[in-house]
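A.B. asks: Got a sequence here, can you model it:
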Amino acid sequence: MNLESQILKEHSVKNAEFISEYVESNPAKLLELLLIILKGDKLLSQRSAWVLGKFSKDFYIEFIPHLDFILSEIKNAKHVAVSRNFARVFITLTDKYHIQFLTEKQIDSIVDISFGWVICKNEKAAIVAFGMYTLQNLLQKRSWIALDLKLHIVNNMAGSLPSFQAAGKRVLKAIELFNKTN
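C.D. replies: Predicted structure coming up:
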């Protein structure tokens with residue numbers, strides 16, 4: 001299957017799921033999809049990034065060999081959907097089941113990217129929330145995150161969007177628990 005043609009064929013949940021199932025059954029196609037997401041034009045990037053959210057969480061392990069490439073290219077994303085969907089991927093990659101496969105350098109890059117999303121005043125709410133959740137996952141690996149993230153959340157809670165407040169409250173509870181146990 002030609003991934004670009006299939007992506008452009010139809011913008012629908014059905015097509016995104018079809019492509020994700022195809023890539024999951026042909027993991028060698030993941031790099032091709034990542035290249036389309038990160039190097040494609042704006043429309044292709046947006047539509048192909050949507051496929052990321054349709055992958056099963058078990059498939060995310062396939063991202064590890066390509067993670068250095070993803071981390072180096074994500075800053076050049078051509079559409080907000082790219083950042084949003086990779087932010088979602090980062091939550092899973094930093095959970096207690098997947099983090100063991102990441103290098104220290106990859107963890108540091110994910111921390112930098114996630115903090116960038118969290119502190120950016122113009123970032124979309126979902127990306128900010130996903131960045132907070134990723135940083136929450138990384139508390140055990142980088143304890144200094146707790147203070148910096150807590151300060152940012154507390155200083156920006158008043159007058160922020162309800163989505164920021166909800167994510168912030170959840171993350172503040174996790175930081176409080178982390179501080180009590182460490």
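A.B. asks: hmm, who's touching the lengthiest helix in the chain?
C.D. replies: Of all the segments assigned as helix in the chain under DSSP state H, the longest by residue count is helix 162-181. Identification of contacts with helix 162-181 by Cβ atoms under 8 Å, 6 or more residues apart in numbering yields 125-126, 128-129, 132-133, 135-136, 139-140, 143, 146, 149-150, 153-154, 156-157, 160. The C-beta positions use only the backbone N, C-alpha and C, and glycine is treated the same way.
A.B. asks: what's the nearest residue to the spatially most central residue of the chain if we skip its chain neighbours?
C.D. replies: In the chain, the C-alpha nearest the mean C-alpha coordinate belongs to Ala87, at 1.5 Å (Cα atoms, centre = their mean). Nearest-residue entry for Ala87: Phe130, 3.6 Å, with adjacent residues in sequence omitted and distances by Cβ to Cβ, 6 or more residues apart in numbering.
A.B. asks: What mean pLDDT does the helix or strand where that neighbour lies get?
C.D. replies: Using DSSP states H and E, Phe130 falls within helix 125-137. Throughout helix 125-137, pLDDT has a mean value of 96.
A.B. asks: helices or strands up against it?
C.D. replies: Judged by 3 or more Cβ pairs under 8 Å, 6 or more residues apart in numbering; DSSP states H and E, the packing partners of helix 125-137 are helix 80-93, helix 104-119, helix 145-157, helix 162-181.
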